[in-house]
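Novice: this one's sequence-less:
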């Protein structure tokens with residue numbers, strides 16, 4: 001048996017290649033390594049996978065996002081995932097933890113939702129962050145360029161954003177044709193899984209796989225800066241929904257969010273700048 005290992009050398013702050021080689025050494029077969037950033041034709045790459053071989057993806061949530069958007073048709077083989085990212089929300093959401101051996105993920109890569117941003121459609125694995133979470137990704141990207149290899153403290157960025165650096169937006173959220181208007185919105189993510197952002201659980205009731213598959217959107221807003229800062233830690237446990245004056249969860253097949261000012265947005269951790277609206281569909 002041959003394990004075809006696609007790894008992201010940029011994951012885990014540049015340690016992705018080393019971690020991929022470490023897991024390859026523990027597999028019960030031959031390991032063939034390929035830098036995912038070097039793949040120019042997935043049909044050609046998949047052509048090298050024979051009956052009985054397995055594909056292993058080593059990276060973080062962003063690596064999975066890149067794979068499902070670039071690969072076209074999935075290969076007819078077992079697809080395994082070994083997390084070498086920083087947040088690894090997908091892995092946690094499906095019931096595993098960082099350090100677990102490669103886990104089969106074929107069922108999670110089919111019938112994925114799509115998001116339309118700036119006229120372009122993309123599949124997504126975990127969720128679409130819009131509001132202060134997109135702002136955190138924007139600032140984090142800048143810090144990563146300034147200090148390559150250094151860990152980014154997103155909690156610190158979020159606190160500074162809530163205190164002074166980020167301002168809430170007027171939002172219109174539309175769920176399966178029903179519109180809701182919110183004058184002061186800090187956060188409006190749409191989720192396929194329950195988790196994103198390194199452990200946040202914005203939509204605790206969302207099910208990644210279900211018979212009646214839907215997406216969930218969170219409205220988080222209405223409070224001033226200090227009150228928002230007090231409420232925000234609850235998003236890491238799902239306790240924020242107890243404050244139903246400020247946090248509301250909606251579910252539907254098609255969800256659109258529109259802000260009155262351009263705002264950074266993130267798709268599975270990948271930042272898109274200057275977005276005024278997005279639409280997610282399943």
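Specialist: Received it, and whenever you're ready, just let me know what you need. It should be emphasised that the depicted structure is a prediction, and the values quoted were computed from it without experimental measurement.

Novice: Helix or strand with the lowest mean pLDDT in the chain?
Specialist: Here the helix or strand of the chain ranked lowest by mean pLDDT, DSSP states H and E is helix 11-14, holding a mean of 71.

Novice: Quickly list the domain ranges of the chain.
Specialist: Per automatic domain parsing, the domain ranges recorded for the chain read 2-108, 114-281.

Novice: what are the ranges of the helices in the stretch 151-282 of the chain?
Specialist: Ranges of helices in the stretch 151-282 of the chain, per DSSP state H, counting those that start in this stretch, are 154-160, 225-231.

Novice: my read: residue 223 touches residue 231, true?
Specialist: Yes. Applying CB atoms under 8 Å, one finds residue 223 in contact with residue 231, separated by 6.3 Å. Bear in mind the C-beta positions are built from the backbone N, C-alpha and C, glycine included.

Novice: Find residues that contact each of those two.
Specialist: Jointly contacting residue 223 and residue 231 under the rule CB atoms under 8 Å, 6 or more residues apart in numbering are residue 246.

Novice: okay, the domains of the chain in CSV with mean neighbour count next?
Specialist: Formatted as CSV, these follow (neighbours: other CB atoms under 10 Å):
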stretch, mean neighbour count
domain 2-108, 17
domain 114-281, 19
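
Novice: rank the ones you listed by pLDDT, which is bottom?
Specialist: Among these, domain 2-108 has the lowest mean pLDDT, at a mean of 90.

Novice: now that one: how far from the chain's centre is it?
Specialist: Chain-centre distance of domain 2-108: 16 Å, with CA atoms, centre = their mean, to the nearest Å.

Novice: end to end, how far does it reach?
Specialist: Separation of the first and last residues of domain 2-108 by CA to CA, to the nearest Å is 23 Å.

Novice: now swap in stretch 157-167 and tell me
Specialist: End-to-end distance for stretch 157-167: 13 Å, by CA to CA.

Novice: any residues touching it, and which ones?
Specialist: Everything outside stretch 157-167 that qualifies as a contact, by CB under 8 Å, 6+ apart, is 132-133, 135-136, 139-140, 186, 225, 228-229, 232, 261.

Novice: redo that, cut-off 6 Å
Specialist: Stretch 157-167 is touched from outside by 132, 135-136, 139, 225, 228-229, with contacts defined as CB atoms under 6 Å, 6 or more residues apart in numbering.

Novice: Same question for stretch 60-80.
Specialist: Applying CB under 6 Å, 6+ apart, the external contacts of stretch 60-80 come out as 8, 11, 42, 46, 49, 53-57, 85, 89-90, 102, 104-106, 109, 122-123, 125-126, 268-270.

Novice: Okay, and which of these map to helices?
Specialist: Among the contacts of stretch 60-80, DSSP state H puts 11, 42, 46, 89-90 in helices.

Novice: Kindly list the longest helix within the chain.
Specialist: helix 132-146.

Novice: Output the contacting helices and strands for it.
Specialist: Counting contacts by 3 or more CB pairs under 6 Å, 6 or more residues apart in numbering; DSSP states H and E, helix 132-146 is packed against helix 154-160, strand 254-267, strand 270-281.

Novice: What residues does residue 85 make contact with?
Specialist: 11, 60-61.

Novice: try 7 Å this time
Specialist: Residues in contact with residue 85, defined by CB atoms under 7 Å, 6 or more residues apart in numbering, are 11-12, 59-61, 63.

Novice: Noted, bye for now.
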